[in-house]
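In: just the structure for this:
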Amino acid sequence: MSTLVETGWKDRPDVGTWAAFLLMCLGMFMAILDIQVVATSLPTIQQALQISPDEMSWIQTAYLIAEVIAIPLTGLLTRVLTLRWLFVSAVSAFTLASVGCALSGGFGVLLIFRIVQGFSGGVLIPAVFSAVFLLFPPRLHAAATTIGGIVAVLAPTIGPVVGGFITDTWSWPWLFLINVIPGLVAATLTPSLLPRQRTDFCELAKLDARALVLMAVALACLEIGLKQAPQRGWLSWSCVGLLVVSAGGIAAFVRRLCGADHPVVQLQALHRRSFVVGCALSFCLGVGLFGSVYLMPVFLGFVRRHDAFEIGSIMLVTGIAQLIAAPVATALESRIGARPLTAAGFALFAFGLGLSYFQPRTADFEEMLWPQIIRGVAIMFCLLPPTRIALGRLPAGEVADASGLFNLMRNLGGAIGIALIDTILYGHSVIFGEQIRDRLMAGDVTAAIAIGFDPELFISRWSAVPDEAAIAHVRPFVERAALALSVNEAWAMLACFALIGLFLVPLARDGLDPRR
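Out: Residues are numbered from 1 along each chain as shown. Below is the predicted model of the structure:
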């Protein structure tokens, strides 16, 4: 990576460098947004391609598995292709795969192109955060990290409204075709803007294929195990088997890396305490960030019965708060340091998540306004300073691999957080539903009022033993009320992870603190 310094790109970034970085952010935005817009419109795609309900979730799972495998390989691919050609290759592959998805006539073809999308999209995300520290001098790290951070967290926030608009206005292929023009622009312009370096394809000849297979199998088994655990049970044979294989594969992978002359993933950064703590903070942020983006549509869609566009419109509050908070976070970091700002961020994040624990079954835009604002501000405080704590003082040769590991931890945090949320929703909804049913069967009018059922109608129809028609009529009320209570418990769980992040902050060594 010394070429970056020798050519002056890093020390004196010009307009072309900033333009290249913004185009890289555009590529990352496409990759993150794609996950959300497709998730919003899965039922539409299922109906159009006649996909079975059991197969439908694999449209997302295939993408996420490929993405999580690609992220830690960013360092290797950067050494082979250079940052310049890695980005061009990844954004080109993502764009072509998007066209393939749009033209897919069946489930199998769509799945193949989703895997290509996931792998290429997974490379784009850590490449951007590598670029922050490889293209810019330390005095500009805060500004560049702010831009990348805004893009990283804004995409999942606006995804539902974009997906809902496309589904309602156009047709499902446009969920993928919207990537074509920005993808072509980024792939065409960045080769002339990013610094020129020599590719090193000799690295591929030294590639440890066994280690690569171990990593891919371990991460794939982890993703599939997390996907199945909430429904089949964490102690089911299939889930235990997948998670054991994953743990064993990761252990064997790390052991092989430690003895390799040319490791697939370089782990030197793990010797630095600030990087390790930064990864742990990234994991905690991933749980809360992806968990909240997942949980709000569940509540608004199934309890409040809003459509995708309405859900996205409500969630835009978080995105607006993030945009406003980003420059504030940059200014505060230069004044008070990264560690204090990170601590304030996780404290605010825990508070914003905890507020949602108290939201009633009837909560809507007004009740969700302030929790969303608080979380939006907190997310920027939790994302930008920890990124610099983890990556800001690393040698240039370690940045690409370290960025991959740092971003991998955030994605794994999101996957585990969503799995825990689904476990709460699947398990506790049944328990709450039975408790509400028992109260109703006992003639408890307050229970009927609590679930939104007309008390006079309840008294008239449940004065005696209710018939099947009465039970069928009240069942949706019970299910929505039980789900709302379960959602609140999931918010509390997410708040606990934010508190864990808060307690981890003092362990970091803040070499960026201006007071030290």
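
In: any low-confidence regions in the stretch 51-200 of the chain?
Out: 54 (pLDDT under 70).

In: now for residue 451: which residues touch it?
Out: Neighbouring residues of residue 451 by C-beta atoms under 8 Å, 6 or more residues apart in numbering: 361, 436, 474, 477, 478, 480, 481. Glycine gets a C-beta too; all of them are placed from N, C-alpha and C.

In: if you set the cut-off to 6 Å instead, what comes out?
Out: 477, 481 (C-beta atoms under 6 Å, 6 or more residues apart in numbering).

In: same thing with the one 5 residues further on?
Out: Contacts for residue 456 (C-beta under 6 Å, 6+ apart) come out as none.

In: from residue 477, how far off is it?
Out: 15 Å (C-beta to C-beta, to the nearest Å).

In: any idea of the pLDDT on the spatially closest residue to residue 147 that is not a sequence neighbour?
Out: In this structure, residue 147 finds its nearest non-sequential neighbour in residue 25, 6.0 Å apart by C-beta to C-beta, 6 or more residues apart in numbering. Predicted confidence (pLDDT) at residue 25: the value is 96.

In: residue 25 against residue 151, yeah?
Out: Yes - taking C-beta atoms under 6 Å as the definition, residue 25 is a contact partner of residue 151 at 4.6 Å.

In: for residue 124, helix, strand, or coil?
Out: Using DSSP: H, G, I helix; E, B strand; the rest coil, the structure places residue 124 in helix.

In: which regions of the stretch 301-450 of the chain sit below the pLDDT cut-off?
Out: For the stretch 301-450 of the chain, no range has pLDDT under 70.

In: if we use 80, what do you get?
Out: 308 (pLDDT under 80).

In: show me where it has its helices.
Out: Taking DSSP state H, counting those that start in this stretch as the test, the helices found in the stretch 301-450 of the chain are 308-336, 338-357, 365-391, 396-441, 445-450.

In: for the record, mean pLDDT for the helix or strand just after the last one?
Out: It refers to helix 445-450. Next helix or strand after helix 445-450 toward the C-terminus (DSSP states H and E): helix 455-461. Mean pLDDT, computed over helix 455-461, is 76.

In: give me the residues contacting stretch 437-444.
Out: So stretch 437-444 is contacted by residue 447 (C-beta under 6 Å, 6+ apart).

In: so which bits of it are buried?
Out: For stretch 437-444, burial by neighbour count (16 or more other C-beta atoms under 10 Å) applies to 437, 439, 440.

In: pull the CA atoms of it into CSV?
Out: Extracted C-alpha coordinates of stretch 437-444, given in CSV (Å, rounded to 0.1, in the frame of the first residue of the first chain):
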residue,chain,number,x,y,z
ARG,A,437,-56.8,-16.2,26.0
ASP,A,438,-57.1,-17.4,29.6
ARG,A,439,-58.1,-14.0,30.8
LEU,A,440,-60.7,-13.7,28.1
MET,A,441,-62.1,-17.1,28.8
ALA,A,442,-62.5,-16.0,32.4
GLY,A,443,-64.6,-13.1,31.3
ASP,A,444,-62.0,-10.4,32.0
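
In: secondary structure class for residue 119?
Out: Residue 119 ends up helix, using three-state DSSP.

In: can you pull the buried residues of stretch 74-94?
Out: Buried-residue list, stretch 74-94, by 16+ other C-beta under 10 Å: 74-88, 90-94.

In: end-to-end on stretch 68-81?
Out: For stretch 68-81, the first-to-last residue distance is 20 Å (C-alpha to C-alpha, to the nearest Å).

In: ok, and what's touching it?
Out: With C-beta under 6 Å, 6+ apart as the criterion, stretch 68-81 contacts 86, 119, 122-123, 126-127, 199-200, 203-204, 216, 219, 223, 264-266, 400-401, 404, 407-408, 411.

In: buried members of those into PyMOL, please.
Out: Those of these that count as buried under 16+ other C-beta under 10 Å are selected in PyMOL with:
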select buried, resi 86+119+122+123+126+127+216+219+223+264+265+266+400+401+404+407+408+411
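
In: so residue 187 makes contact with residue 90?
Out: No - contact between residue 187 and residue 90 fails when scored by C-beta under 6 Å: they sit 9.2 Å apart.

In: neighbours around residue 131, how many?
Out: The number of residues packed around residue 131, counting by other C-beta atoms under 10 Å, is 26.

In: what do you get for residue 210?
Out: 13.

In: could you check how far it is from residue 483?
Out: In terms of C-beta to C-beta, residue 210 sits 46 Å off from residue 483.

In: ok, residue 427 next?
Out: For residue 427, the distance to residue 483 - C-beta to C-beta - is 12 Å.

In: which one's more surrounded, the two?
Out: residue 483 (20 against 14).

In: residues contacting the nearest residue to that one once chain neighbours are set aside?
Out: Using C-beta to C-beta, 6+ apart and skipping the chain neighbours, the partner closest in space to residue 483 is residue 429 (5.2 Å). Contact partners of residue 429, counting by C-beta under 6 Å, 6+ apart, are 482, 483, 486.
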